[in-house]
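A.B. asks: need coordinates for the below:
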Amino acid sequence: MSDIARELTTSAPLAGPSDAEVRGGVAPGADVPGVDPRATGTDGPDTSVDEAPRRPVRDLLSAAARRPGVVASLLFLALLVGWVLVPEVFAPTDPIAVVGDSLAPPSGAHWFGTDLNGRDVYARVVHGARLSLVAGVVAVTISLVVGGLLGMAAGFLGGVVDAVISRATEVIVSIPGLLLSLALISVLGFGVEKVAIAVGIAGIPGFVRIARSETLRIVNLPYMDAATASGTRRLVGILTHVVPNASGAIAAVAGIDLGGAVLSIAALSFLGFGAVPPTPEWGSQINEGRTYVASAWWWSLFPALVAGLTVLSVNRISRGFGTREAR
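C.D. replies: Numbers count the residues shown, from 1 in each chain. Prediction:
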């Protein structure tokens, strides 16, 4: 009997359940029947969640399919930019030279037909884009810079400055923009440059209002109170806080105003205050062909169509930009 007891004490202890097994767990490295070790993530890196592959081209095409109007507007404006920068590439014909018969209808040789003097209407539309669009950009720049600064000063400084600027803006707004432009042209003189300045001055009140409202919204935010409490100067506060945060809304208004400026400049040129013939310009071309609408409809139609598409494209893109900023 002693020999049996001695053999039991010297033999290896029986394997019992580990602490993890007692608690209901599984010992490290142990295989669980019916379970793939790769599914538990213990062997090798975790590959259960794969990162979705990025497809920038597909995403771009999907976004374009959702907003075809914006894509078409961008393509048309890109074409206009090409007309402005390198009109000779798109229309190598001299816009002033006589190249065909008088009042020839649209054909393969002359896409938009010819005018009374035998000049190519397509070449005149392409070369006239530079004068019309540049004048519109100049007008919007004048309105944006002057109106934006006055509106931000009124909203940030307040008091007497705000009262004076606001009352002066209300007086100017009471006058129709086209009528105010005509009054300014009578003082400045004729010419596309003078028309652009007059349209730019007439558009200042709109930018004063939007800049003032955005500034009043921004100055009441908590970080502006912190900047003022820390001793930030007013001019520094405008440049570092107000201008960057108000630029989105002001840029959207500037885009919409650009279409209106192009339309106003074309209207004033139609009335005879803009480019002097034979200089190609959309408004003057429409005016030249208005007496021949019944017999030569193409002479006025194509310049008016391009000007209208320009305004629609700019407004469409500006509305999309303003909607994104609002989000």
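A.B. asks: what's around residue 86, how many residues?
C.D. replies: Number of residues near residue 86 (other Cβ atoms under 10 Å) recorded here: 11. For every residue, glycine as well, the C-beta is placed using N, CA and C.
A.B. asks: now the one 10 residues further on
C.D. replies: Neighbours of residue 96 under the rule other Cβ under 10 Å: 16.
A.B. asks: can you tell me how far the residue lying closest to it once chain neighbours are set aside sits from residue 88?
C.D. replies: Counting by Cβ to Cβ, 6 or more residues apart in numbering, residue 278 is the residue found nearest to residue 96 once chain neighbours are left out, at 5.1 Å. According to Cβ to Cβ, to the nearest Å, residue 278 and residue 88 sit 18 Å apart.
A.B. asks: looking at these two, which is more packed in?
C.D. replies: Set residue 278 next to residue 88 and count neighbours by other Cβ under 10 Å: residue 278 wins out with 14 against 11.
A.B. asks: residues in contact with that one?
C.D. replies: By Cβ atoms under 8 Å, 6 or more residues apart in numbering, the contact set of residue 278 is 96, 117, 119.
A.B. asks: the closest residue in space to residue 293 that isn't next to it in sequence is in what secondary structure piece?
C.D. replies: Spatial nearest neighbour of residue 293, chain neighbours left out: residue 300 (5.9 Å); criterion: Cβ to Cβ, 6+ apart. Element membership of residue 300, judged by DSSP states H and E, is helix 298-326.
A.B. asks: could you list the buried residues of that helix?
C.D. replies: With burial defined by 16 or more other Cβ atoms under 10 Å, the residues of helix 298-326 counted as buried are 298-304, 306-307, 309-311, 313-322.
A.B. asks: for stretch 126-141, same thing?
C.D. replies: Buried-residue list, stretch 126-141, by 16+ other Cβ under 10 Å: 126-133, 135-140.
A.B. asks: any chance of CSV for those residues, columns distance to residue 82, secondary structure and pLDDT?
C.D. replies: Shown next, in CSV, are the buried residues of stretch 126-141 (distance: Cβ to Cβ, whole Å; DSSP: H, G, I helix; E, B strand; the rest coil; pLDDT from 0 to 100):
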residue, distance to residue 82, secondary structure, pLDDT
126, 9, helix, 96
127, 12, helix, 95
128, 14, helix, 93
129, 9, helix, 94
130, 11, helix, 92
131, 16, helix, 92
132, 15, helix, 92
133, 12, helix, 94
135, 18, helix, 94
136, 17, helix, 94
137, 16, helix, 94
138, 20, helix, 95
139, 22, helix, 95
140, 21, helix, 95
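A.B. asks: what's the closest of these to residue 177?
C.D. replies: Nearest to residue 177 out of those is residue 139 (Cβ to Cβ; 10.9 Å).
A.B. asks: can you tell me which residues contact the closest one?
C.D. replies: Contact analysis of residue 139 by Cβ under 8 Å, 6+ apart lists 196-197, 199-200, 203, 261, 264-265.
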